[in-house]
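>>> heads up, no residue letters with this:
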């Protein structure tokens, strides 16, 4: 293999994590299950990783508290990436205002547990998920009939409308934000106190596992197949009898619900939110997380979300230069791994495809 | 020999659409490629125009290997195509569409261009009536005329016509083929791809029969027309 | 097959570790750079000072934006604290106090994790910061639970003090003191019959402007907000031009104040412009140019008797620079912690208790806290911009 | 009370709204051109605008030596000297913005189209080497030297990878655009003229009232902006409709493949499209500094979002739509701010967009670079 060939093979993904998955898939059921169990256990112990010799050096976040970074950033980004992946990766709808749903979730908890009522967090959380879902439906119903890029700017506008409204309406706490938000109730030895982030991490990681489990069921169901069809070719899906609008709305609502869930977890952890927590740039960061990991692949979204949240904290030493390096990294990853770090297995994605409708990508071509 | 295609192989992903096609076109000829859907006719045309990358083989035009040069350079050498589906620019007027044919020509304001313009309008009087209309508003037949006329505006030495009869009424088809013959008589070499094999073979000097990415038969147009196997496969068996 | 895949994966992991290690060591040296410079200065000057206190290695922390969009404000604040610490270290060779940075970028989302890290570092006895109100609300509950005292040199929002935080202290008066004073000044000194009030819809700006609005009542003839990120304020300018007030108050920070002042003057608005403490910065003069002339700026900070001395020391430490907004307050805040350390306090509870009884002359004012953590005395001073220089006029009665 | 306010200030708001709208329109043209040809939201276009404002600043102060203040007053210039300074700034902005757009296209987009070339590889390689240098060096100078040394081998490596000839998915283009936008903004913020502070540009044009219209003062800077925007848009329309290259742009927008087989060099046309967008943004940037005399590293972001909104409002891909969208947005923002308060300005813009798209899903004038006559 010549140097240039090996270079190309590296960038086109021969060393990807999916290889590991392929190798695992060949093993017996019990091997796979125990491997999964070990992974999950190891991830539950993640807050202690920095004290492991070599590994600690890699994962630690100098200058800031690692367990808090896990709860405040990583868990939230992974959840959000999972939700946004449903919208962008599975249904193929470009959403640039996803932070709006995240904000709706956080604000619902804040309003119900502090600003205007004193409901416990455990009750607020499902309400927040529901409210975010309704927000998704309300935004989706008039806008999902729009084509891809129109949807992008409309959703971007939605995110901004939410933030500015929260900033200027006194009932929503305006620019002062809302403090003293309720925390999750203590369960046995798990005490959700201000100074210990670990219980929040256990809660967040468990939530992620549940969401992944539910999404996997969904992906393999009729709904998942419909999303697939819509993303591949919306017109064809419509002709085959798929109610494209209904399923697009479902994707939007489910995505919004997961965003709201992330928001409610965040509000319950930090106990204070203000509109500055939900800037437009965060939406863009969320989208970057999904695409960086590999749009349409749930594992890609998880990895992308974790990386985008963790990297800036890991490289605090770069201070001002972090964001610059992040921008360059985005370009480079897209240039050399356009499908993301962990791409989808099936690459035939009409909507995500090239701007040239009929050159390289479609199999068989016109004959 | 004007165009020589040798052992051409083209793939879409892992699926090979052309599995080694060879044929030639001599100056002044009309050569046709016939075959069923999926035989590789349009892929061949697109490859000659440079829209597809080849996996193997070569395309030689007037002694020059053009396999690797970009499409717009090929137009300068004298190859122009009227593509399948006509490729009319819907937002441009008929005149602007025709002007696009002269895109690579250096003699912009010259009388030679005006002469070509007059010649095309003479061949297709319908276009003159529609000259200020938008391309997207033309009927199928008119669009086909426009596509051929536009290709002619580049003064090609080799004109590639991909399915010029597709979607047209029988009367119009005859008219289009008459014009193709006329163009050829005026000195332009034509490579024609058709599903309407009987018309194509009747007009062509020579023909090639394509089947799933291979050339399976070749001969003079009339010989192929009378070949029982070809008749059975492509001409409805009569 | 499987083996080779796993081998490859581990090879990647190892190489990643090397990359991370390289980066990690670099960032470590970065963060300790501040302490290094302190140490080197100390060795130069050891001979100059004789006696001093001795103590265990302890440190105080700066908490605020050092990078990001608000980085400059934070750097100016940190410089004040830095000056206090290095002066202390020079004077006390046997008691070296470190200054640890927590760069929040002014982002409330990053604040809790940083606060946690500060709390986990047992050598930190006090926090100078958090710099902004938003991050304060996100971070102070953690500090409060850990009993780690904070003195904010810049967060002036009125409602910060009613959270029952034991650890909360401010080195300057809150907006609830400044707002009414501004209103008084507009009403009495400027004798304005018609007032326009504009804010930037941020916590600080709107909070201050709302107090002014409430206090002035019917005198306010026109009121509006701007989006600080926008470049064009023409709708607000038109409104002010039409209402023709004698005085316009703007609640917000200096960068937008400069833009706004310029656009108002360009449109022919001649009203006297009045601003709060967020505008008391040379950046305002730079941004507004000649349009700044004649503006009134209020601040709870007096350029006190020792301010000139402070400014000289500042320029000596940071050549070519003069103290900027909240720099002196940060110096006072850090000095309070250093006094606690000098008094032999070695733990957080002791420092917190010490602050309760602290009463000393600071660069900006007499520093003494009441039980809510507000600095005693509520003197608000008026400044005027003349020929590109901000100079004090006097106390607002 | 508020209705009365808007009535009294109506013409005032109209004039400033049209001026602001003209700037939106000029930037929107860049979005719409690139979208028309590549179907790409060129997120980094706002940074091309930002570069233009700094180019204008540098031309005025560093090249022409105009001071910020002269004896405490603005350095006003008149007559021939004024015209010369303004034209030099305009040229500076247009050239630097145009060049920025070219570099952006070659480094961040062309490799994704599968036709990456040396130039793009060198730009990308330089940036990569620079980033790697960040790990080892603190000073910009040694970093720069390291960047230059590292460029060669990295560019060679990149060129090898570029020869894939495969199209990236559309989302990859968008993320690449976002990455480029972030990198450019931050690069200017960190290593730019000074730091993250706001910059002032010297004010050479005295903002005199030219005449009164409906009782409103019409200032000279607004007149220059409005006329300038109209002239530039007209020039662009003429170029696209009347020249051979312009026809090439339209052809690529309408049907890439047919354009290719008719001899259009698609990569070149795309480059031209970026240059055109960059030049328009450069012109807008210079006029922006004329009215607001300021700039900042992040000045492009909000303006870019608004301009893209304007482009969609008018019908993305439609050049006249961009002009109309810009003007409508500028006016709506001004009227809306007067009615509901300035803090709602952005909400007004997005709600307007939402309402328009409800009734006209492809914008006010529809998408036309591809479907109808420009």
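Cool, got the structure. These figures come from a predicted structure and were not determined experimentally.
>>> Now for chain D: which helix has the highest residue count?
helix D:10-38 (DSSP state H).
>>> Which element, helix or strand, includes the most centrally placed residue in chain C?
Residue closest to the average C-alpha location in chain C (C-alpha atoms, centre = their mean): residue C:154, at 3.1 Å. Residue C:154 is part of no helix or strand, with elements assigned from DSSP states H and E.
>>> remind me which residues of chain B are low pLDDT?
For chain B, the stretches with pLDDT under 70 are B:108-109, B:235-238.
>>> Tell me how many other residues crowd residue C:254.
For residue C:254, the count of nearby residues is 26 (other C-beta atoms under 10 Å in any protein chain shown). Glycine gets a C-beta too; all of them are placed from N, C-alpha and C.
>>> do residue D:352 as well
Residue D:352, neighbours per other C-beta under 10 Å, totals 18.
>>> Now do it against residue D:150, distance only.
Using C-beta to C-beta, to the nearest Å, we find residue D:352 at a distance of 48 Å from residue D:150.
>>> For the most centrally placed residue in chain B, what are phi and psi?
Within chain B, one residue has its C-alpha closest to the average C-alpha position: by C-alpha atoms, centre = their mean, that is residue B:161, at 1.5 Å. The phi and psi values for residue B:161, taken as degrees, to the nearest 10, are phi -120, psi 120.
>>> Quick one: classify residue C:249 as helix, strand or coil.
Secondary structure for residue C:249, judged by DSSP: H, G, I helix; E, B strand; the rest coil, is strand.
>>> isn't it right up against residue C:205?
No. Using C-beta atoms under 8 Å, residue C:249 is not in contact with residue C:205, being 10.6 Å away.
>>> who's more crowded, these two?
For residue C:249 versus residue C:205, neighbours defined as other C-beta under 10 Å are more numerous around residue C:249 (31 against 25).
>>> Am I right that residue C:131 sits in a strand?
No. Assigned with three-state DSSP, residue C:131 falls outside any strand and is coil.
>>> quick one: the strands in the stretch 1-150 of chain C?
C:58-64, C:97-103, C:124-128, C:149-152 (DSSP state E, counting those that start in this stretch).
>>> Actually, the stretch 151-300 of chain D.
Secondary structure of the stretch 151-300 of chain D, counting by DSSP E, counting those that start in this stretch: strands at D:199-200, D:209-213, D:216-219, D:294-295.
>>> Please produce JSON lines containing the ones you listed, extended by mean pLDDT and mean neighbour count.
Converted to JSON lines, these look like this (pLDDT from 0 to 100; neighbours: other C-beta atoms under 10 Å in any protein chain shown):
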{"stretch": "strand D:199-200", "mean pLDDT": "84", "mean neighbour count": "22"}
{"stretch": "strand D:209-213", "mean pLDDT": "84", "mean neighbour count": "11"}
{"stretch": "strand D:216-219", "mean pLDDT": "87", "mean neighbour count": "19"}
{"stretch": "strand D:294-295", "mean pLDDT": "88", "mean neighbour count": "24"}
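>>> Quick check: which of those is nearest to residue A:37?
Closest approach to residue A:37 among these (C-beta to C-beta): strand D:294-295, 56.8 Å.
>>> what's the distance between the closest one and the middle of its chain?
Strand D:294-295 sits 15 Å away from the centroid of its parent chain (C-alpha atoms, centre = their mean, to the nearest Å).
>>> again, but for stretch C:350-357
22 Å.
>>> What of stretch D:233-248?
From the chain centre to the centre of stretch D:233-248 is a distance of 19 Å (C-alpha atoms, centre = their mean).
>>> can you list contacts of it?
B:92, B:96, B:99-100, B:103, B:108, D:25-26, D:29, D:249-250, D:259, D:264-265, D:269, D:272, D:276, D:280, D:319-320, D:323, D:374 (C-beta atoms under 8 Å, 6 or more residues apart in numbering or on different chains).
>>> List the buried residues in that stretch.
Neighbour counts over stretch D:233-248 (16 or more other C-beta atoms under 10 Å in any protein chain shown) mark D:233, D:236-237, D:240-241, D:246-248 as buried.
>>> Would you mind putting those residues into TSV with pLDDT alongside?
Below are the buried residues of stretch D:233-248 laid out as TSV (pLDDT from 0 to 100):
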residue	pLDDT
D:233	95
D:236	95
D:237	94
D:240	92
D:241	89
D:246	93
D:247	92
D:248	93
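>>> Look at the residue lying closest to the residue nearest to the centre of chain C once chain neighbours are set aside and say how many residues are nearby.
Sequence neighbours aside, residue C:326 is the residue nearest to residue C:154 in space, at 4.2 Å (criterion: C-beta to C-beta, 6 or more residues apart in numbering or on different chains). If you count neighbours by other C-beta under 10 Å, residue C:326 ends up with 29.
>>> Pretty sure residue C:155 is one of the things residue C:326 touches, is it not?
No. Contact criterion C-beta under 8 Å: residue C:326 and residue C:155 do not qualify, at 9.6 Å.
>>> Can you check which residues contact both of the two?
Common contacts of residue C:326 and residue C:155 (C-beta under 8 Å, 6+ apart): residue C:131.
>>> Look at residue 126 and tell me its secondary structure.
Chain wasn't specified; assuming chain A. Applying three-state DSSP: residue A:126 is helix.
>>> wait, I meant chain B there
Assignment for residue B:126 (three-state DSSP): helix.
>>> Which residue, neighbours along the chain excluded, lies closest to it?
residue B:142 (5.7 Å).
>>> tally of neighbours for residue 105?
Answering for chain A, as no chain was given. With other C-beta under 10 Å as criterion, residue A:105 counts 32.
>>> that answer is for a different chain, and I need it for chain D
Neighbour tally, residue D:105, other C-beta under 10 Å: 26.
>>> Also residue D:184?
Burial measure for residue D:184: 24 neighbouring residues, criterion other C-beta under 10 Å.
>>> which ones are touching the closest residue to it other than its chain neighbours?
Counting by C-beta to C-beta, 6+ apart, residue D:47 is the residue found nearest to residue D:184 once chain neighbours are left out, at 4.0 Å. Residue D:47 makes contact with D:100, D:180-181, D:184-185, D:300, D:304 under the criterion C-beta under 8 Å, 6+ apart.
>>> Please work out how many residues are found near the residue in the stretch 51-200 of chain A positioned nearest to chain B.
Among the residues of the stretch 51-200 of chain A, residue A:147 lies closest to chain B, at 17.5 Å counting by C-beta to the nearest C-beta. If you count neighbours by other C-beta under 10 Å, residue A:147 ends up with 13.
>>> Grab the nearest non-local neighbour of it.
Among residues not flanking residue A:147 along the chain, residue D:361 sits closest, at 7.5 Å (C-beta to C-beta, 6+ apart).
>>> The residue lying closest to residue B:136 once chain neighbours are set aside and residue D:254, how far apart?
Nearest non-adjacent residue to residue B:136, counting by C-beta to C-beta, 6+ apart: residue B:90, 3.0 Å away. Distance, residue B:90 to residue D:254, using C-beta to C-beta: 6 Å.
>>> Who has more neighbours out of these two?
Between residue B:90 and residue D:254, residue D:254 has the larger neighbour count (other C-beta under 10 Å), namely 24 against 17.
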